[in-house]
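Colleague: here is my input; please provide its structure:
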Amino acid sequence: MARTGRSPLNQSPPNPAPADPSPLLYGMQLPIQSQSTLYAEPWEADAGPGELVAVARAADRAGFAYVAGCDHVAVPRRLADAMSTIWYDPVATLAYLAGVTERVRLLSHVAVVGLRHPLVTAKQYATLDHLSGGRLILGVGAGHVAEEFEAVGADFARRGRCSTSPSTRCAPPWERTSSPCTTGSCTTSKGSGSGPGPRRSTCPSGSAAPRPPPCAGPRCG
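Modeller: Prediction:
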């Protein structure tokens, strides 16, 4: 009995899957900048600004999408053996490296926003983005070390709310003009403005600004 339809050998191939328009990007968490004993290599203990610059410049030349820095202000004694107490400030570090690189993006991975007033965070990172020519990627997190919050007088229990505050995510003072700041769940300032703003829009709502990758490797805070 004859079969109807075409033989599988004569069938047209299925339509190929659409190409992913997003290019593959790769970057690195900086050595030296954070020296937790869980991941730091022995050579990092004696390294300093010169080696940090060499790493960042090598990443810049090699086409890395970003270099990243972690954020801890004060590591308590109970965690010091594992985490160490060497954690360069991420804003200062990324700003320093911005001056010695040309194209690599600068990622905070992550900025613990609950440790600081959101307007202070906005001011610092907006200035960094402005000075670096728009190369900042602001990655934020809630934080996990209660004693660190206590040391700076911040509320550890409310850290989640501060991480999702509108003034943290989109930061009203990041406007290009000195428009008034609105009151968010973690802000107390009203009717004030701040500049300079960032070089490009970094608000994650309604924009295509790149977002930081998840913590996929061992060098994370």
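Colleague: mind exporting the C-alpha coordinates of the longest strand seen in the chain to CSV?
Modeller: Criterion DSSP state E: the longest strand present in the chain is strand 105-112. The C-alpha coordinates for strand 105-112 follow below in CSV (Å, rounded to 0.1, in the frame of the first residue of the first chain):
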residue,chain,number,x,y,z
ARG,A,105,33.3,48.7,31.8
LEU,A,106,33.5,49.2,35.5
LEU,A,107,31.1,47.0,37.6
SER,A,108,30.3,47.1,41.3
HIS,A,109,29.7,43.5,42.1
VAL,A,110,28.1,44.3,44.3
ALA,A,111,27.6,47.7,46.1
VAL,A,112,25.9,47.0,49.4
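Colleague: how about the helices in the chain?
Modeller: Per DSSP state H, the chain carries helices over the ranges 49-62, 77-83, 90-98, 118-131, 146-151, 159-163, 166-169.
Colleague: nearest to residue 27, of the ones you listed?
Modeller: helix 49-62 (7.5 Å; C-beta to C-beta). C-beta here means a position set from N, CA and C on the backbone, and glycine is covered the same way.
Colleague: other SSEs contacting the longest strand of the chain?
Modeller: With contacts defined as 3 or more C-beta pairs under 8 Å, 6 or more residues apart in numbering; DSSP states H and E, strand 105-112 has these neighbours: strand 27-29, strand 66-69, helix 90-98, helix 118-131, strand 136-141.
Colleague: what sits closest to residue 109 if chain neighbours are left out?
Modeller: Computed as C-beta to C-beta, 6 or more residues apart in numbering, the closest residue to residue 109 that is not its neighbour in sequence is residue 68, at 3.7 Å.
Colleague: the one you found: what's it in contact with?
Modeller: Neighbouring residues of residue 68 by C-beta atoms under 8 Å, 6 or more residues apart in numbering: 27-30, 106-109, 139, 212.
Colleague: kindly report the same for residue 71.
Modeller: Here residue 71 is in contact with 87, 89-90, 108, 110-112, 115, 141, 221 (C-beta under 8 Å, 6+ apart).
Colleague: which of those sits closest to residue 55?
Modeller: Nearest member of those to residue 55, counting by C-beta to C-beta, is residue 90, at 15.2 Å.
Colleague: picking that back up, what's the distance between the residue nearest to residue 109 and residue 118?
Modeller: To residue 118, residue 68 is 21 Å away according to C-beta to C-beta, to the nearest Å.
Colleague: pipe the contacts of residue 68 into JSON lines and attach neighbour count per row.
Modeller: Conversion of the contacts of residue 68 to JSON lines gives the following (neighbours: other C-beta atoms under 10 Å):
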{"residue": "27", "neighbour count": "18"}
{"residue": "28", "neighbour count": "19"}
{"residue": "29", "neighbour count": "21"}
{"residue": "30", "neighbour count": "23"}
{"residue": "106", "neighbour count": "25"}
{"residue": "107", "neighbour count": "27"}
{"residue": "108", "neighbour count": "26"}
{"residue": "109", "neighbour count": "27"}
{"residue": "139", "neighbour count": "21"}
{"residue": "212", "neighbour count": "19"}
